[in-house]
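1. Turn this into a model:
(chains A and B)
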Amino acid sequence: MADLPPPLAEIRDDFLSFTEKERLQLLLEFSNELPALPERYAEHPELLERVEECQSPVYLFVDVVDGEVQVHATAPAEAPTTRGFASILVQGITGLPADIVLAIPDDFPQQLGLTAAVSPLRLRGMSGMLWRIKRQVSAKAAV
Amino acid sequence: MTVAFDPAEKFQQYAHPERLVSTSWLETHLGAPGLVVVECDEDVLLYETGHIPGAVKLDWHTELNDPVMRDYIDGERFARLMSAKGIARDSTVVLYGDKSNWWAAYALWVLTLFGHQDVRLLDGGRDRWVADERALTIEAAQPSPTDYPLVERDDVAVRAFKDDVLAHVGKPLIDVRSPEEYSGERTHMPAYPEEGALRGGHIPTAASVPWSRAANDDGTFRTAAELATVYRDGAGLGDADDVITYCRIGERSSHTWFVLTHLLGIPRVRNYDGSWTEWGSAVRVPITVGTEPGAAPGR
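-> This next block holds a predicted model:
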């Protein structure tokens, strides 16, 4: 299994250093920190891809600029868990080289120690986001 | 101790008006002796972002389901759970949640399995409370433990298992999933695994009535007359006295179970919680693909 890139490894280690209850609180902090969309996407929702695996509406868009990945995502305030997942990926992946992003292990969401507190079903939404980010990166890095 | 019922006129048209409270009633009665307000959401963090003052959080996934067996918790764990939430056997429990009360209705159904008498839904759920701009707090409630008795779960009255449904095919069955799930054409992305069930479609002879047809845009329930049009006329339930509802895992169908049982007053309604995740993968059960209910296979 490939190692996690350092920013994602740091996020994982943070989660694992807490009790399960505290992990939920950390996820809520990530949720509150989800950056607003850059204006060019806020005004063009059609550029965003809906993550169908999530029960709540979450949209994301990936840029690859000079081989460096930028992830943008938006989800409503009524879906803090989904926002938290998106925020982890936005903060942990943005700035990484495309080939490193493509090598992120698909089971990263399951490594955060949230399975008991959040449930596997809900974590599936995060897997869907990661998968879609990687798919957009591979399409855009190839151009 | 039972708290007074909400006398709202809208509710009087329903078969069991005592099963609903309005947001204004709840605001007035917050803190009443014997009342426990419980938030149950799809989103496991929503309670933490703000909830009705004094409300406790109940998570359907991590607290109501048994972690090992695909089943609900047993009587002993249920008693511990109720105690931890500050719920006594004679408490009036008012449930509310996100998504027009999907999960709140699911929790209400589980409480019904344990025979908890006075359990009500907040009409319109969390969204309506927020839209009304009523008070929210981020302060978690600190309930005092109660002496909730050990009650065995009753899996007969309101719960259906796969074999019950097999025997019921051809009698009133309501599939509350989306039309795409019902017909079996549910889309899934290439290279992304289809999760949940091996096959798409529905249980033969089931009528399709997406759960949301019972709710207005603001999450409140439609009027009794509107509900009768949707279910008795539209879905052909007529005077049916024995109905089974299902969805994917039994959560959306709890919402419809609540509507048929408490709002329309159908005498026997069972929720099939195995639902499509079981039926769509089970060996030797028939399915129907397409938009028509289909015929019961000969036995």
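
2. how many other residues sit next to the nearest residue to B:Ile138 once chain neighbours are set aside?
-> Nearest in space to B:Ile138, with sequence neighbours left out and distances taken as C-beta to C-beta, 6 or more residues apart in numbering or on different chains, is B:Gly50 at 5.5 Å. For the C-beta atoms, the positions are set from N, CA and C on the backbone; glycine is no exception. Counted with other C-beta atoms under 10 Å in any protein chain shown, the neighbours of B:Gly50 add up to 15.

3. The helix or strand harbouring B:Val36 pairs with which strands, parallel or anti?
-> Per DSSP states H and E: B:Val36 is located in strand B:35-39. Within its sheet, strand B:35-39 is paired with strand B:56-57 (parallel), strand B:92-96 (parallel), according to DSSP bridges.

4. Deepest-packed of the ones you listed, please.
-> Neighbour counts (mean count of other C-beta atoms under 10 Å in any protein chain shown) averaged over each of those peak at strand B:92-96, with a mean of 26.

5. so what's B:Thr205 up against?
-> B:Thr205 makes contact with B:169-171, B:173, B:288, B:293-296, according to C-beta atoms under 8 Å, 6 or more residues apart in numbering or on different chains.

6. Among the residues you listed, name the buried ones.
-> Buried members of those, scored by 16 or more other C-beta atoms under 10 Å in any protein chain shown, are B:169, B:173, B:288, B:293-294.

7. Between these, which sits nearest B:Ser253?
-> Relative to B:Ser253, the closest of those is B:Leu173; by C-beta to C-beta it sits at 10.6 Å.

8. residues in contact with the closest one?
-> Shown in contact with B:Leu173 (C-beta under 8 Å, 6+ apart): B:165, B:203, B:205-207, B:243-246.

9. Next, count neighbours for residue 67.
-> With no chain named, the answer covers chain A. Neighbourhood size, A:Gly67 [other C-beta under 10 Å]: 10.

10. You answered for a different chain; I wanted chain B.
-> Residues within reach of B:Pro67, counting by other C-beta under 10 Å, total 8.

11. so what pLDDT did the most centrally placed residue in chain A get?
-> Residue closest to the average C-alpha location in chain A (C-alpha atoms, centre = their mean): A:Leu89, at 2.4 Å. For A:Leu89, the model assigns a pLDDT of 97.

12. How about B:Trp60?
-> On pLDDT, B:Trp60 comes in at 84.

13. ok, it - contacts?
-> Shown in contact with B:Trp60 (C-beta under 8 Å, 6+ apart): B:40, B:103, B:106-107, B:110, B:251.

14. Could you rerun that using 6 Å?
-> Counting by C-beta atoms under 6 Å, 6 or more residues apart in numbering or on different chains, B:Trp60 touches B:40, B:103, B:106-107.

15. returning to that earlier point: looking at the contacts of B:Leu173, which are in strands?
-> The members of the contacts of B:Leu173 that map onto strands under DSSP state E are B:207, B:243-246.

16. Apart from its chain neighbours, what residue comes closest to residue 64?
-> If you meant another chain, say so; for now it's chain A. Nearest non-adjacent residue to A:Val64 (C-beta to C-beta, 6+ apart): A:Lys140, at 4.3 Å.

17. other chain: chain B
-> Nearest non-adjacent residue to B:Leu64, counting by C-beta to C-beta, 6+ apart: B:Val110, 5.1 Å away.

18. What's the local residue count around that neighbour?
-> Neighbour count for B:Val110, taken as other C-beta under 10 Å: 27.

19. Can you mark which positions in the helix or strand containing it are buried?
-> Using DSSP H and E, B:Val110 sits within helix B:102-113. Neighbour-count burial for helix B:102-113, counted by 16+ other C-beta under 10 Å, picks out B:102-113.

20. pLDDT averaged over that helix - what is it?
-> Helix B:102-113 carries an average pLDDT of 97.

21. Let me see the residues that make contact with that helix.
-> Identification of contacts with helix B:102-113 by C-beta under 6 Å, 6+ apart yields B:40-42, B:58, B:60, B:64, B:72, B:95-97, B:119, B:121, B:153-154, B:158, B:251-252, B:254-255, B:257-258, B:271.
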